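Colleague: here is the input, now give the coordinates:
(chains A and B, ligands or ions: 2)
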Amino acid sequence: MFLQLVANGLVTGSVYAIAAVGVSLVYGILRLVNFAYGDMMAFGALIAYGVDGPLHQSMIVAALAGMAATAALALALDVVLWKPLRARRAGFMSLFLASIGLALVLRQALLLAAGSQPRSYRVNPYRVFVLGSVRLSEQQLIAVAAAAATIVAVGLFLTLTTVGRVLRAMADDRALAAVAGIDVGRATRVAWLISGLLAGLAGVLAALVEYSFDPNFGFQLLLPVFAAVVLGGIGSAYGALAGGLALGVAQEVSTWSGFAGGVNPVYKPVVAFAVLAVALMIRPQGFFGQARVG
Amino acid sequence: MTTPLLEVSALEAGYDDALILRGVDLAADAEQIVAIVGPNGAGKSTLLKAVYGLVRARAGSVRFDGEDVTGVRADRLTRRGMNLVPQVDNVFPTLTIAENLHVGALVLPRAERQAEIVRVLELFPLLAERHRQRAGSLSGGQRKLVALARALVARPRLLLLDEPSAGLSPIAIDLVFEKLVEIRSLGIAIVIVEQNARRALALADIGYVLDTGRNAYSGPGRTLLDDPRVVDLYLGGSRSGTIASSSTSTSTPSGMNPAT
Ligand SMILES: Nc1ncnc2c1ncn2[C@@H]1O[C@H](COP(=O)(O)OP(=O)(O)OP(=O)(O)O)[C@@H](O)[C@H]1O
Ligand SMILES: [Mg+2]
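Modeller: Ligands and ions are numbered 1, 2, ... in the order given. Have a look, this model is predicted:
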C-alpha cells in the first residue's frame, strides 16, 4: 500500500513538476508570478480534448496540438499584455494582479466556449499494469514517462544549449544580458514558448491522470504547482522539478494508514502547504534557491 | 581631424524626478584611455549607463563611430562594438566562468567564439584554471576579471569600465591597470571611471573631472594631475608632481572639449 501511494505520488508529482518548471522559467526571466498558469493548462487540456474527441486523432496528436496551441496562446499574451506592461515598467505587484485578472478572463472564456460539464479523453481507464506490488493505469504510466522525458529534455536544454544558457543568463540579470548583446525581447518570447508548451503538456497529463476534468480543473492544480515552485526555490528549474516530485509524494503518502491513520484525501492541499511551511523553516530559500543577501 | 570613436554632447539623464547629468561632454578616440574621475555621486556611473542606453537620455546625444546612437538598445550597441563592465552586478552569478564568457561571445560568428574565448583566457590564467566554477562563488576582484573577460570576448572597439579596481587588493589593482594598458595596445578604446583618480589620470590619455553632473575639468591626464585646482578640489591636495607648473597648464575648466 505504501509503495502504491509513493507511485501515485510520483505520478501527480511529475505533472506538478512539469508545470512548476514552466512557472519557474517565466518567473526567473520576468519576475512574473503567473497566476493564469493553471488556466493555460486547462486551455491545453481542452484543445487536446477537441482534437481527441470530435476530430478522432490519436492521443499523441491531441497532446501535441494542445501544447502547440498553449504555446501560441502564451506568445500572443506576451505581445498583447505582458510586453506593453513591461514597456510601462510595471512592478511586481502590477504584473501579479494582471495575471490574476488574466486567469479569471481565461477561465470564464473556457467555460463559455467549452461548457462546465466534466469530460474525458478516449482512453481506457481499466488497462492496468502491475509492477511488483504497484498497479498503475496506462494514463499514469504515460504521464510518468512523458514527464521524465520532458524533465530530462528541459534539463539538457538549459545546461547544454546556447539558448538555454541565454535564458539562465537572463534569469540572473536581465540588464547585464542586454549589455552582453542578448536580444532580451526575443529570449523572453522563447521563455514564453517553452512555458506554454510545458503548460499544455502538464494540462493534458493532469487531465489524463485525473481521468475526468472540466475547464475549472487548472485552477485547482495551481496551488500545489505554486507550492512546488516555492519548495524548490523560486526561479530554479531544477528546484521546481524536485519540489513537484516531493510534493506529489508527500500528498499521497499523507493518506497512508500507517501515518497516524492517514489524512483524509480531501486535505491533500493542506498537506501541500504543511510540507511547504516545514521545508521553508528548514531552508528558507528552497531546495535549490540561491541564498540572497539583502 | 578625424571624428572621435565616442562623442557625448550635452548629455542630460537621470532617474525619475532627479536630473543627474546636466549636460556632459566627452570624447574618446581609438586606442585611447579616457579616465572619468570625480566625487561620489557626481554621476560617473550614470554617465556610462546613459551612454549605453540603460538610463534614458533626456537631452543631448551619443555618437559612436560617427553615427548617432542615442537611445539605441544596449544589445545593439554591443553588436556594434561597444561593451560595458558595470560597477556592480557585473557577472551572471549562477553561470560558470566559462558560461559567462560564452554568453559574452554570442555576438561573434559561431565559428569564432571558442577561439576568442581561448585567446582572452590567456590574458587571465586565473580564470582559465577555474572556468568551471560558478561566477557567484568568486571574490569581488575575481568577478571583476570575469566581467572584463566577458566584455573582451565580444571583441569590442570601445570598452566602458566602471570602477574596475574598487575593492581590490593592491596586487589585484596592479593587475587590473596592467590589463588596461594591454587592452589599449590591442587597439581598443577604454573609458574608465575610477575612484583611484591619481592612478587613472596618470595612465589616461585624456581625463575628465565630473562634478554634480557637469564637466568640471578636462585635459590630458598628466596635465590634470599637475593642475593645482584639480588637485586641491578633487585629489585631496598635495600634488604628485613636485614642480608647480600650473601657469603652463593646458587643462580646461568647465566642459570645453580638449580632444577636438
Ligand atoms: N537607480 C537609481 N535611482 C535613483 N537615483 C540613483 C540611482 N542610481 C544612482 N542614483 C543617484 O544618482 C546620483 C549619481 O549616482 P552615480 O552612481 O552616477 O554616481 P557616481 O559618480 O558613479 O558615484 P560613485 O563614485 O559612488 O560610484 C547619486 O545621487 C545617486 O544617489
Ligand atoms: Mg559609480
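Colleague: check contacts around whatever residue of the stretch 101-250 of chain A ends up closest to ligand 2.
Modeller: Nearest to ligand 2 in the stretch 101-250 of chain A, going by CB to the ion, is A:Ala175, at a distance of 15.1 Å. C-beta coordinates here come from the backbone N, C-alpha and C atoms, glycine included. By CB atoms under 8 Å, 6 or more residues apart in numbering or on different chains, the contact set of A:Ala175 is B:Leu54, B:Ala74, B:Asp89.
Colleague: what about the strands in the chain?
Modeller: I went with chain A, as the question did not name one. A:128-131, A:134-137 (DSSP state E).
Colleague: chain B is the one I meant
Modeller: B:6-15, B:18-28, B:33-37, B:57-64, B:67-68, B:82-85, B:158-162, B:189-193, B:206-211, B:214-220, B:252-253.
Colleague: okay, the ones you listed in JSON lines with mean pLDDT and mean neighbour count next?
Modeller: Shown next, in JSON lines, are the strands of chain B (pLDDT from 0 to 100; neighbours: other CB atoms under 10 Å in any protein chain shown):
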{"stretch": "strand B:6-15", "mean pLDDT": "93", "mean neighbour count": "19"}
{"stretch": "strand B:18-28", "mean pLDDT": "92", "mean neighbour count": "20"}
{"stretch": "strand B:33-37", "mean pLDDT": "93", "mean neighbour count": "27"}
{"stretch": "strand B:57-64", "mean pLDDT": "94", "mean neighbour count": "17"}
{"stretch": "strand B:67-68", "mean pLDDT": "94", "mean neighbour count": "11"}
{"stretch": "strand B:82-85", "mean pLDDT": "96", "mean neighbour count": "27"}
{"stretch": "strand B:158-162", "mean pLDDT": "95", "mean neighbour count": "25"}
{"stretch": "strand B:189-193", "mean pLDDT": "95", "mean neighbour count": "26"}
{"stretch": "strand B:206-211", "mean pLDDT": "91", "mean neighbour count": "26"}
{"stretch": "strand B:214-220", "mean pLDDT": "83", "mean neighbour count": "22"}
{"stretch": "strand B:252-253", "mean pLDDT": "56", "mean neighbour count": "15"}
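Colleague: does the lengthiest helix in chain A reach chain B?
Modeller: Taking DSSP state H as the criterion, chain A has its longest helix at helix A:2-30. No - shown here: helix A:2-30 not in contact with chain B (CB under 8 Å from any CB of the partner chain), separated by at least 9.7 Å.
Colleague: give me every residue that touches A:Asp183.
Modeller: Each residue near A:Asp183 by CB under 8 Å, 6+ apart is listed here: B:Asp75.
Colleague: need the pLDDT of it.
Modeller: Note on A:Asp183: pLDDT of 96.
Colleague: for it, give its distance to B:Arg56.
Modeller: Distance from A:Asp183 to B:Arg56, counting by CB to CB, to the nearest Å: 19 Å.
Colleague: again, but for B:Pro164
Modeller: For B:Pro164, the distance to B:Arg56 - CB to CB - is 25 Å.
Colleague: cool, A:Val163 as well?
Modeller: 29 Å.
Colleague: that older thread, which one's more surrounded, B:Pro164 and B:Arg56?
Modeller: B:Pro164 (27 against 12; other CB atoms under 10 Å in any protein chain shown).
Colleague: my guess is the more buried one contacts B:Ile192, does it?
Modeller: Yes - with contact defined as CB atoms under 8 Å, B:Pro164 reaches B:Ile192; the gap is 6.7 Å.
Colleague: find residues that contact each of the two.
Modeller: B:Leu180.
Colleague: what segments of the stretch 1-150 of chain A are helices?
Modeller: A:2-30, A:37-52, A:59-77, A:83-87, A:92-114, A:138-160 (DSSP state H, counting those that start in this stretch).
Colleague: tally of neighbours for the closest residue in space to B:Val62 that isn't next to it in sequence?
Modeller: Ranked by CB to CB, 6 or more residues apart in numbering or on different chains and with sequence neighbours excluded, the top spatial neighbour of B:Val62 is B:Thr70, at 4.9 Å. When counting by other CB under 10 Å, one arrives at 19 neighbours for B:Thr70.
Colleague: which residues touch B:Thr70?
Modeller: By CB under 8 Å, 6+ apart, the contact list for B:Thr70 reads B:Ala57, B:Gly60, B:Ser61, B:Val62, B:Arg63.
Colleague: ends of stretch B:151-159, how far apart?
Modeller: 8 Å (CA to CA, to the nearest Å).
Colleague: give me the residues contacting that stretch.
Modeller: By CB under 8 Å, 6+ apart, stretch B:151-159 touches A:180-181, B:5-6, B:28, B:30, B:64-65, B:78, B:81-85, B:101, B:104-105, B:107-108, B:113, B:116-117, B:120, B:123, B:183, B:187-191.
Colleague: what's the burial count for B:Ser165?
Modeller: 23.
Colleague: give me the nearest residue to it, chain neighbours excluded.
Modeller: Closest to B:Ser165 by CB to CB, 6+ apart is B:Ile173, at 4.5 Å.
Colleague: relative to ligand 2, how far out is that neighbour?
Modeller: 17 Å (CB to the ion, to the nearest Å).
Colleague: picking up where we left off before, closest to A:Gly66 out of the strands of chain A?
Modeller: strand A:134-137 (19.9 Å; CB to CB).
Colleague: partners of the closest one in the sheet?
Modeller: strand A:128-131 (antiparallel) (DSSP bridges).
Colleague: pull the CA atoms of the partner strand into PDB?
Modeller: Taking Å, rounded to 0.1, in the frame of the first residue of the first chain, the C-alpha atoms of strand A:128-131 are listed here in PDB:
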ATOM      1  CA  VAL A 128      -3.700  -1.600 -15.600                       C
ATOM      2  CA  PHE A 129      -0.100  -2.500 -15.500                       C
ATOM      3  CA  VAL A 130       1.300  -4.400 -12.500                       C
ATOM      4  CA  LEU A 131       4.900  -3.800 -11.400                       C
END
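Colleague: now that strand, how far from the chain's geometric center?
Modeller: Relative to its parent chain, strand A:128-131 has a centroid offset of 26 Å by CA atoms, centre = their mean, to the nearest Å.
Colleague: on that earlier part again, highest mean neighbour count out of the helices of the stretch 1-150 of chain A?
Modeller: Between those, helix A:37-52 has the highest mean count of neighbours, a mean of 28, where neighbours are mean count of other CB atoms under 10 Å in any protein chain shown.
Colleague: any stretches of chain B with poor pLDDT?
Modeller: Applying pLDDT under 70 to chain B flags the ranges B:1, B:237-260.
Colleague: look up how far A:Gly38 lies from the residue of chain A positioned farthest from its centre.
Modeller: What lies farthest from the middle of chain A is A:Val179; by CA atoms, centre = their mean that is 31.4 Å. The gap separating A:Val179 from A:Gly38 is 36 Å, by CB to CB.
Colleague: start and end of stretch B:98-117, how far apart?
Modeller: Note: stretch B:98-117 ends 8 Å apart using CA to CA.
Colleague: same question for stretch B:57-70.
Modeller: 7 Å.
Colleague: enumerate the residues of chain B near ligand 1.
Modeller: B:Tyr15, B:Ala18, B:Ile20, B:Gly38, B:Asn40, B:Gly41, B:Ala42, B:Gly43, B:Lys44, B:Ser45, B:Thr46, B:Gln87 (CB under 6 Å from any ligand atom).
Colleague: separate out the buried members of the residues you listed.
Modeller: The neighbour count (16 or more other CB atoms under 10 Å in any protein chain shown) marks B:Ile20, B:Gly38, B:Ala42, B:Gly43, B:Lys44, B:Ser45, B:Thr46, B:Gln87 as buried among the residues of chain B next to ligand 1.
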